[in-house]
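> Fold the following for me, if possible:
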Amino acid sequence: MKRIFVTGIGIITPLGDTLSLNHTALKQNVCGISQLELIDSIFAHKLPVGEIKTETQFLKEKLNVRQTGVTRTMLLALHAFADAVNDSKLSSEIISSKETALINATTVGGMCLTNELYIDANKKSNGSEYLSSYDAGSVTMHLQERYTMRGIINTINTACSSSANSIMYGARLIQHGFAKRAIVGGVDSLAKFTINGFNALHILSDEICRPFDNERKGLNLGEGAAFLVLESEENIANKKVYAELTGYCNANDAFHPSSLSETADGPFLAMQGALQKANLHTNDIDFINAHGTATENNDEAESKAMLRLFEKIPAFASTKSNIGHTLGAAGAIEAVYSILNLIEQEVYKSLHYKEVIASTGLTPVTEYKKMPIKHVLSNSFGFGGNCSSLIFSKA
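Got it, this is the predicted structure:
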């Protein structure tokens, strides 16, 4: 099978709007989780969030977006997408080629303006400029139209594993000859709809989240976007290469709409399958970027899956402690962070951790440190038991 390499990266998170800013913040143990400022919500001073402190209108002007009906989600995606294709030095002709695929992922997508939809539904007029943005694929279509893309285009929504699956799908398109390159990733923005929905599930913490801590209280929502350019070995020539995507697997826990089973079958099978795809053994994995949501169910189940698979647990941590849970963007953002682990030969601490989970006894990385890293496993587990694991290897 064809080898797949990452030749371009674009990212925007609460830690910064460039790869360099995100790297510096991770090294310095910066937490981008704070109080909600840009959305009018009754939870603004009750529930911490990983919010990008940039006004939507400023993003629109910065990205030279003039058309109407463009949501914040579209703008975050456009920012990361543009940086990724520029980083990979893809010309406009290559981007619009039928041999270039776009696989975007999102959980909320156009539903970020559900409150607007409610207002529109009760109007006798034509409604707001955002009517066409409610479609789940609206973000992808915006990128497609702006860059005149003619290759395979798709939108994936498998909840929190969405953009991990977009990376996986893009790699398979290349390996099976349906594309020469794939621009893959995901995006989600904070919205009333999301905050209210997750609050109704009683899994949001009123404190800054503490992944893998015995006293964890739940997750903090975040927002962001990340895109990667994937290319096969025969097409990269003398291009800069960040890492190789060597393994991936998707499995389903098939247990509960919003919880993993006590035996953590989905996470176990996803990690095991990724290792098999990469032709690696458990002792080859040097670091795990854990899904680590800081919810009671996830952290215990993920820990049990690691104990079930690994004889010796590799170093692991959750970068959701830095930026919150970015939903459909999480898999792609954490893929970028995993690639930083490889490039810089370093790991970043899991912030706010204090006490080991009694039932598992596992402690995440508690200090930034340099260490030899050849292979990183990145986990993304979504609602409905949709579990995905990616393995990135040093190029």
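> what's around the closest residue to residue 15 other than its chain neighbours, how many residues?
Leaving aside its sequence neighbours, residue 15 sits nearest to residue 25 (CB to CB, 6 or more residues apart in numbering; 3.8 Å). Any C-beta I mention is one placed from the backbone N, CA and C, and that applies to glycine too. If you count neighbours by other CB atoms under 10 Å, residue 25 ends up with 19.
> Kindly report the same for residue 234.
Applying other CB under 10 Å, we find 9 residues neighbouring residue 234.
> thinking it is in contact with residue 174, fair?
No - when contacts are counted by CB atoms under 8 Å, residue 234 is not listed as touching residue 174 (10.3 Å).
> list residues touching both of the two?
residue 2 (CB atoms under 8 Å, 6 or more residues apart in numbering).
> show me where the chain has helices.
19-27, 56-62, 72-87, 92-95, 114-121, 138-146, 162-175, 192-200, 265-278, 296-309, 320-323, 330-344 (DSSP state H).
> Please identify the buried residues of the last one?
Counting neighbours by 16 or more other CB atoms under 10 Å, one finds that the buried residues in helix 330-344 are 330-342.
> could you dump it to PDB, C-alpha only?
Once non-C-alpha atoms are left out, helix 330-344 reads as follows in PDB (Å, rounded to 0.1, in the frame of the first residue of the first chain):
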ATOM      1  CA  ALA A 330     -10.700  17.500  18.100                       C
ATOM      2  CA  GLY A 331      -9.200  14.600  16.100                       C
ATOM      3  CA  ALA A 332      -7.500  16.900  13.600                       C
ATOM      4  CA  ILE A 333      -6.200  19.400  16.200                       C
ATOM      5  CA  GLU A 334      -4.800  16.600  18.300                       C
ATOM      6  CA  ALA A 335      -3.300  15.000  15.200                       C
ATOM      7  CA  VAL A 336      -1.400  18.300  14.700                       C
ATOM      8  CA  TYR A 337      -0.300  18.200  18.400                       C
ATOM      9  CA  SER A 338       0.800  14.600  17.900                       C
ATOM     10  CA  ILE A 339       2.900  15.600  15.000                       C
ATOM     11  CA  LEU A 340       4.500  18.400  17.100                       C
ATOM     12  CA  ASN A 341       5.400  15.600  19.600                       C
ATOM     13  CA  LEU A 342       7.300  13.900  16.800                       C
ATOM     14  CA  ILE A 343       8.900  16.900  15.200                       C
ATOM     15  CA  GLU A 344      10.100  18.500  18.500                       C
END
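> quick one on the thing from earlier: residue 288: which of the buried residues of helix 330-344 is nearest?
Comparing the buried residues of helix 330-344 against residue 288 with CB to CB places residue 338 closest, at 9.0 Å.
> Show me the shaky parts of the stretch 1-150 of the chain.
Applying pLDDT under 70 to the stretch 1-150 of the chain picks out residues 114-127.
> What residue spans form the domains of this protein?
4-235, 244-393 (automatic domain parsing).
> Most tightly packed of the ones you listed?
Most buried of the domains of the chain by mean neighbour count (mean count of other CB atoms under 10 Å) is domain 244-393; its value is a mean of 22.
> start to end distance for that domain?
For domain 244-393, the first-to-last residue distance is 5 Å (CA to CA, to the nearest Å).
> what about that domain, distance to the chain center?
The chain centre lies 13 Å from the centre of domain 244-393; the measure is CA atoms, centre = their mean, to the nearest Å.
> Look at the closest residue to residue 282 other than its chain neighbours and report its pLDDT.
Nearest residue to residue 282, sequence neighbours excluded (CB to CB, 6+ apart): residue 310, at 4.8 Å. pLDDT for residue 310: 98.
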